[in-house]
Each structure stands twice: as structure tokens, then as C-alpha cells.
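Asks: Model the structure of this input:
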Amino acid sequence: MYFFSCSAASYVVAKVICEKSDKNNTILLFADTTIEDKDNYRFLIESSVFFYCQLVWLKDGRITENIYNKKKCKSSCL
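Replies: Numbers count the residues shown, from 1 in each chain. Model prediction:
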């Protein structure tokens with residue numbers, strides 16, 4: 001299992017892992033923060049198809065901005 005974040009660096013590592021491992025037993029794990037750009041989600045899906053590895057997409061329904069507001073936290077990306 002590999003945590004896949006949609007970044008360029010994450011893509012390179014996922015590519016190496018998927019090339020060197022059994023694709024049937026390799027999972028790319030994505031934890032959705034709900035604040036990604038639409039293009040990141042497209043990239044995520046297309047990458048997992050290109051790698052022929054299973055993608056597990058975790059999303060619990062909460063919205064990141066609401067969590068920050070509830071906890072009275074500041075985020076550099078909001």
C-alpha cells in the first residue's frame with residue numbers, strides 16, 4: 001500500500017512502486033481533503049489507470065474548511 005497524494009513527486013514514487021511490485025497486490029491510497037483542484041482528481045484517476053494499480057479513495061464526507069473553522073485553525077491553503 002502506498003499513499004498517493006497527486007503531487008509530481010508522489011507520481012514518480014508510485015510509478016516506481018507499481019513497476020517493481022505485483023500490480024494485483026499494490027494499492028494506491030488517496031485521502032481526499034476535498035480541497036484539491038479538479039485537475040488533481042483527473043490526474044489521480046488517470047495515473048492509477050496508467051499504472052494498472054488499484055486505487056483506494058478515502059473520503060469521510062467532512063469538508064476541510066469546516067474542520068479548520070471548528071478547531072479554530074488557520075490553513076495556508078484556504
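Asks: what's the weakest-modelled helix or strand in the chain?
Replies: Ranking every helix and strand in the chain by mean pLDDT, DSSP states H and E puts helix 64-71 at the bottom, with a mean of 66.
Asks: the helices in this structure, which residues?
Replies: 8-20, 38-51, 64-71 (DSSP state H).
Asks: can you tell me which of those helices the model trusts least?
Replies: Mean pLDDT values for the helices of the chain show the minimum at helix 64-71, a mean of 66.
Asks: list the buried ones in stretch 27-44?
Replies: For stretch 27-44, burial by neighbour count (16 or more other Cβ atoms under 10 Å) applies to Leu28, Phe30, Asp32, Glu36, Phe43, Leu44. Any C-beta I mention is one placed from the backbone N, CA and C, and that applies to glycine too.
Asks: For Val16, state which of the residues you listed is nearest.
Replies: Ranked by distance to Val16 (Cβ to Cβ), these are led by Leu28 at 12.4 Å.
Asks: what does the model give the residue nearest to the closest one when sequence neighbours are not counted for pLDDT?
Replies: With sequence-adjacent residues excluded and distances taken as Cβ to Cβ, 6 or more residues apart in numbering, Leu28 is closest to Phe4, at 4.1 Å. Among the per-residue scores, Phe4 shows a pLDDT of 90.
Asks: What's the local residue count around Phe4?
Replies: Neighbourhood size, Phe4 [other Cβ atoms under 10 Å]: 25.
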